[in-house]
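K.L.:
Quick one, fold the following:
(one chain, ligands or ions: 1)
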Amino acid sequence: MTMARAGAALYRELAEEGLFQGLFHRRPTFLVATSDAEADVLSDHSEALAEVGAPVLWLTRDMAADRLAPLSRKTVAVLEVEDEGHAIGYSIVSRLISAAGLKVERNSPVAALEYDGRSGRVSGVRVGEAVIEASAVVVAAGGGAGGLIGLPDVSRPRRGQQLVTERAPTLNAALPGSLLSCSYLLSKKQGGDADQRGYGVVIDPLETGQFLIGSTREEGRNIPENDIDAVAHLAASAGDMVPALGRLRILRCFAGIRTAICDGLPMVGRMPGIDNLFVAAGFEGDGICLGPLTGRIVADLVRGEEPEIDVSPFDPGRFAGRSIAA
Ligand SMILES: Cc1cc2nc3c(=O)[nH]c(=O)nc-3n(C[C@H](O)[C@H](O)[C@H](O)COP(=O)(O)OP(=O)(O)OC[C@H]3O[C@@H](n4cnc5c(N)ncnc54)[C@H](O)[C@@H]3O)c2cc1C
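P.N.:
Numbering: from 1, shown residues only. Sure thing, here's the model as predicted:
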């Protein structure tokens, strides 16, 4: 949570400085409970947020009716979290690539890392028959990272399915932030197995007037495909939370793969014993929020400087017993 708060703060900073101008939209998140049991989950979450200094506010029934008129009257409790925001991940990546003037080689998978036999340091990467030499290597390859650094078993895929509705500007304007169900919080903490799907509803009002509705958390599923059962379930759950959504058409569906590390934390840091090899992977459902901050932290590590945040809990060395191959 500390890292996520710092990640959101960096988005705000970069938006104000102009780099993310027009891409990052500040707005609150509303966490919604639809039963007393869910309200208990929300209460615990609210304490955890408050501990890291997040500005949270419980909405009374009247406040919720006023702030979130389209929300179902079945709602039992609503917690508003300020200082949050929304950005489309690929737009941020594209802005950063062009701002840095980077050349990106697409469809060129790295088959292996190359090592200098004498020093044990990494000397480059192998792409097909070619070797690209490098003075330092950062492995930020999502689900492909573990295999490259000799830790193929520490991560697992979790598929997420989402839908996008047609435009509904009036309804969209009536929701000042994203709505997140308690079941989403629970699926994030526990993951879901492939049969249970790990359903948890998030309703994101987009700048276009459309709604992004997610998502599943399907453990072990690594093919980014949709299926009609999941899509129908998500659409119905979103309609339960905001009945007016039930009247909108779904324009498209898509799926993506989150990479989760077995202990629930990402891997960010220098590989043990190899001073010029770094890893940044395993961000599960938080990599868009954490991406810019992680980039800054890894750049500090590569330059031999102390990062602004303590990333020792994410040290890849915690898996040192698990055959780190060179
Ligand atoms: C449905 C869904 C909803 C999400 N919602 C949110 C959200 O609301 N907020 C949030 O912060 N995050 C969210 N995420 C998570 C976020 O998308 C991920 O955490 C983030 O994309 C991880 O970024 P990454 O660069 O580490 O890995 P990836 O995005 O997986 O990228 C890794 C890249 O490495 C490439 N690669 C793999 N192996 C190799 C190789 N050998 N050589 C070269 N390249 C290789 C892959 O092709 C891929 O392009 C969501 C994800 C999903 C699926």
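K.L.:
Which parts of the stretch 101-250 of the chain are strands?
P.N.:
112-115, 122-127, 130-133, 137-139, 155-165, 178-181, 202-205, 211-214, 218-219, 250-261 (DSSP state E, counting those that start in this stretch).
K.L.:
can those strands go into JSON lines with extra columns for mean pLDDT and mean neighbour count?
P.N.:
C-betas here are computed from N, CA, C, even on glycine. Formatted as JSON lines, these follow (pLDDT from 0 to 100; neighbours: other C-beta atoms under 10 Å):
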{"stretch": "strand 112-115", "mean pLDDT": "97", "mean neighbour count": "16"}
{"stretch": "strand 122-127", "mean pLDDT": "98", "mean neighbour count": "18"}
{"stretch": "strand 130-133", "mean pLDDT": "96", "mean neighbour count": "11"}
{"stretch": "strand 137-139", "mean pLDDT": "98", "mean neighbour count": "21"}
{"stretch": "strand 155-165", "mean pLDDT": "97", "mean neighbour count": "22"}
{"stretch": "strand 178-181", "mean pLDDT": "95", "mean neighbour count": "24"}
{"stretch": "strand 202-205", "mean pLDDT": "96", "mean neighbour count": "23"}
{"stretch": "strand 211-214", "mean pLDDT": "97", "mean neighbour count": "24"}
{"stretch": "strand 218-219", "mean pLDDT": "93", "mean neighbour count": "23"}
{"stretch": "strand 250-261", "mean pLDDT": "97", "mean neighbour count": "18"}
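K.L.:
Tabulate those in JSON lines, adding columns for distance to G239.
P.N.:
Shown next, in JSON lines, are the strands of the stretch 101-250 of the chain (distance: least, C-beta to C-beta, whole Å):
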{"stretch": "strand 112-115", "distance to G239": "48"}
{"stretch": "strand 122-127", "distance to G239": "47"}
{"stretch": "strand 130-133", "distance to G239": "50"}
{"stretch": "strand 137-139", "distance to G239": "42"}
{"stretch": "strand 155-165", "distance to G239": "11"}
{"stretch": "strand 178-181", "distance to G239": "12"}
{"stretch": "strand 202-205", "distance to G239": "10"}
{"stretch": "strand 211-214", "distance to G239": "10"}
{"stretch": "strand 218-219", "distance to G239": "21"}
{"stretch": "strand 250-261", "distance to G239": "11"}
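K.L.:
got these as CSV, with distance to the ligand columns?
P.N.:
Shown next, in CSV, are these (distance: least, C-beta to the nearest ligand atom, whole Å):
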stretch, distance to the ligand
strand 112-115, 9
strand 122-127, 8
strand 130-133, 11
strand 137-139, 8
strand 155-165, 3
strand 178-181, 9
strand 202-205, 7
strand 211-214, 5
strand 218-219, 10
strand 250-261, 3
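K.L.:
Tell me which of the ones you listed lies nearest to G146.
P.N.:
strand 155-165 (4.8 Å; C-beta to C-beta).
K.L.:
Now do that closest one: which elements does it pack against?
P.N.:
strand 211-214, strand 218-219, helix 228-241, strand 250-261 (3 or more C-beta pairs under 8 Å, 6 or more residues apart in numbering; DSSP states H and E).
K.L.:
which bits of the stretch 51-200 of the chain sit near the ligand?
P.N.:
Within the stretch 51-200 of the chain, the residues that sit near the ligand (C-beta under 6 Å from any ligand atom) are 89, 109-110, 140-142, 144, 148, 160, 162.
K.L.:
OK, now which residue of the stretch 151-300 of the chain is nearest to the ligand?
P.N.:
G287 (2.2 Å; C-beta to the nearest ligand atom).
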